[in-house]
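Following is a predicted model, sequence given first.
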Amino acid sequence: MQDRQSNFPTSAGVLLGLGLGAFFDGIVFHQLLQWHHMLSGWYPLNSVENITLNTTWDGIFHSTAYVLVLAGLFLLWQRTRRSAPRWSGSQCFGTILIGWGIFNLAEGVVDHQILRLHQVNETVPDGQRIFWDIGFLLWGAAMIVTGVAMARVGAQEGVHAKGSLQGR
């Protein structure tokens, strides 16, 4: 029978994926590309007050991402402090992809479509924005499907005790 320590803590991977997905979104889309900010759909960047408000909410968003990553790391630490884990890299990376994909789907549906807080690319004409939003959702779904497949392969590696990472 497979011992409990060889199972990767799925919740830790999902939390790490959620946080890393949020960091990617905030760093790449908000800061580097400047395609949107947290509330730019409600408060366009056409005044100093709106820029200040968006920057503050971008900071709150990044703080939440930071807490998600810390929570994932805490769960990993809790699991590893008792004994050396034997986890599959596929299972670890797969659960992170699942979390990141969940972030994209939740962000894409709730923030982009329902609340209209912002859209993925607000620098293109209005009629083209939906295509960027759909691409973001498809990217999230693809990450979940790939992550689930990888996590399943990783779990099988753990069952057979081959291909699992000792102490990594």
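That came through fine. Predicted, not measured: the structure shown is a model, and the values here were computed from it. Numbers count the residues shown, from 1 in each chain.

Can you name the next helix or strand after the helix or strand hosting residue 78?
Using DSSP states H and E, residue 78 falls within helix 48-80. Following helix 48-80 in sequence order, the next helix or strand is strand 86-87 (DSSP H and E).

so what secondary structure elements neighbour the following helix or strand past that following strand?
Using DSSP H and E, the helix or strand that follows strand 86-87 in sequence is helix 89-106. With contacts taken as 3 or more Cβ pairs under 8 Å, 6 or more residues apart in numbering; DSSP states H and E, helix 89-106 sits against helix 10-24, helix 126-160. C-beta coordinates here come from the backbone N, C-alpha and C atoms, glycine included.

so what does the longest one touch, helix or strand wise?
Helices and strands touching helix 126-160, by 3+ Cβ pairs under 8 Å, 6+ apart, are helix 10-24, strand 86-87, helix 89-106.

Off-centre distance for that helix?
11 Å (Cα atoms, centre = their mean, to the nearest Å).

That helix vs helix 89-106, what angle?
If you take axes from the mean of the first three to the mean of the last three Cα atoms, to 10 degrees, helix 126-160 sits at 150 degrees to helix 89-106.

neighbours of residue 59, just the number please.
12 (other Cβ atoms under 10 Å).

now do the one 3 residues further on
Number of residues near residue 62 (other Cβ under 10 Å) recorded here: 19.

What residues does it make contact with?
Neighbouring residues of residue 62 by Cβ atoms under 8 Å, 6 or more residues apart in numbering: 22, 23, 26.

In this structure the second one contacts residue 69, no?
Yes - counting by Cβ atoms under 8 Å, residue 69 is a contact partner of residue 23 at 7.4 Å.

Just want the angle from the helix holding residue 78 to helix 89-106.
Using the same axes, to 10 degrees: helix 48-80 against helix 89-106 is 150 degrees.

quick thing: my sequence starts at 51, can you match it?
Let's use 51 as the start, then, which means that last one is helix 98-130.

State the mean pLDDT of helix 98-130.
Helix 98-130 comes out with an average pLDDT of 96.

and the gap between residue 175 and residue 182?
For residue 175, the distance to residue 182 equals 11 Å [Cβ to Cβ, to the nearest Å].
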